[in-house]
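[1] Give me coordinates for this.
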Amino acid sequence: YHTTGRWRNYPQNVHVAKEAEPVRILGAFFGNGVSDIAVWTPKIDKLVSALERWKVGRTTLEGKRHVSQMMVGGMTQFLTDVQRMPTTVLKRVNKIMRNYLWDDKHNTPVSMAHMCTPFSKGGF
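    Below is the predicted model:
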């Protein structure tokens, strides 16, 4: 089929997914040999792009909290639910969020462990 474009009664020029090519079905990506990292790469790129646009403004720390909840949480929630998030992607997303919250500073005034505690217990 890949060389001639024809196979039995299949319509001509129908795309047939190859090995290790992800196919999106109802928001989840399936396929033989599909890399979990490859599935998450476009989502992370979109997340970084959105946070870069938010960095242009002079957002307060409270505003950055809301942005991180809306953007990071909102953009990753569904795919995490249907696809699961690999630990390497989780570390990358946490680093992106940390850099956004603290304007890419290496030494932060508050640890991420304290930032991630519930708001009712003094967290962010």
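
[2] For the protein, which segments count as helices?
    36-55, 61-67, 74-83, 87-101, 112-115 (DSSP state H).

[3] quick one: buried residues of the third one?
    Within helix 74-83, the residues that count as buried by 16 or more other CB atoms under 10 Å are 75-76, 79-80, 83. C-beta: built from backbone N, CA, C; applies to glycine.

[4] cool, the shortest one as well?
    Applying a neighbour-count criterion of 16+ other CB under 10 Å, one finds residue 115 buried in helix 112-115.

[5] Dump the buried residues of helix 74-83 into TSV; add pLDDT and distance to residue 51 as well.
    Shown next, in TSV, are these (pLDDT from 0 to 100; distance: CB to CB, whole Å):
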residue	pLDDT	distance to residue 51
75	89	10
76	90	12
79	87	17
80	88	17
83	83	21
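
[6] what's the farthest-apart pair in those residues?
    Using CB to CB, the two most remote members of these are 75 and 83, lying 13.1 Å apart.

[7] Dump the helices of the chain to TSV, plus distance to residue 25.
    As requested, the helices of the chain are exported to TSV (distance: least, CB to CB, whole Å):
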stretch	distance to residue 25
helix 36-55	12
helix 61-67	31
helix 74-83	10
helix 87-101	20
helix 112-115	35
